[in-house]
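[1] sequence-free structure coming up:
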């Protein structure tokens, strides 16, 4: 199997569409936060929704800082 795969360097691969990933992350955060505005009684699911939205926001911020500083 490994003998049939072409040898490529990392700069020959397609770059990740960073802008599209950030936009998708922002839309995901908005969707998660809008889900808290439902007709449900318990607030346990709200904690999970806000936590996941916070994690996604933190990942977007960390990625932006690393890219600005040239570390990624």
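    The structure has been received and is ready for your questions. Predicted, not measured: the structure shown is a model, and the values here were computed from it.
[2] helix or strand for residue 41, which one?
    With elements delineated by DSSP states H and E, residue 41 resides in a region that no helix or strand encompasses.
[3] how many neighbours does it have?
    Summarising burial for residue 41: neighbours were counted as other CB atoms under 10 Å, giving 5. Quick note: C-beta positions are derived from backbone N, CA and C, even for glycine.
[4] for it, give me phi and psi.
    Dihedral angles of residue 41 (phi, psi; degrees, to the nearest 10) stand at phi -90, psi -40.
[5] and if you look at residue 58?
    Backbone torsions of residue 58, given as degrees, to the nearest 10, read phi -60, psi -40.
[6] any idea how far it lies from residue 29?
    When CB to CB, to the nearest Å is the yardstick, residue 58 and residue 29 sit 11 Å from each other.
[7] one more: residue 68?
    Spatial separation of residue 68 from residue 29 under the definition CB to CB is 20 Å.
[8] and those two? Which one has more around it.
    The residue with more neighbours, out of residue 68 and residue 29, is residue 29; 18 against 9, by other CB under 10 Å.
[9] ok, that one - contacts?
    53, 56-57 (CB atoms under 8 Å, 6 or more residues apart in numbering).
[10] ok, of these, which come out buried?
    Listed as buried from the contacts of residue 29 are 53, 56; burial here means 16 or more other CB atoms under 10 Å.
[11] CSV please, covering the contacts of residue 29 and showing secondary structure and pLDDT.
    Converted to CSV, those look like this (DSSP: H, G, I helix; E, B strand; the rest coil; pLDDT from 0 to 100):
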residue, secondary structure, pLDDT
53, helix, 97
56, helix, 97
57, helix, 97
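[12] from the contacts of residue 29, which is closest to residue 64?
    residue 57 (10.7 Å; CB to CB).
[13] avg pLDDT for the helix or strand containing residue 30?
    Using DSSP H and E, the secondary-structure element containing residue 30 is helix 18-34. For helix 18-34, the mean per-residue pLDDT is 95.
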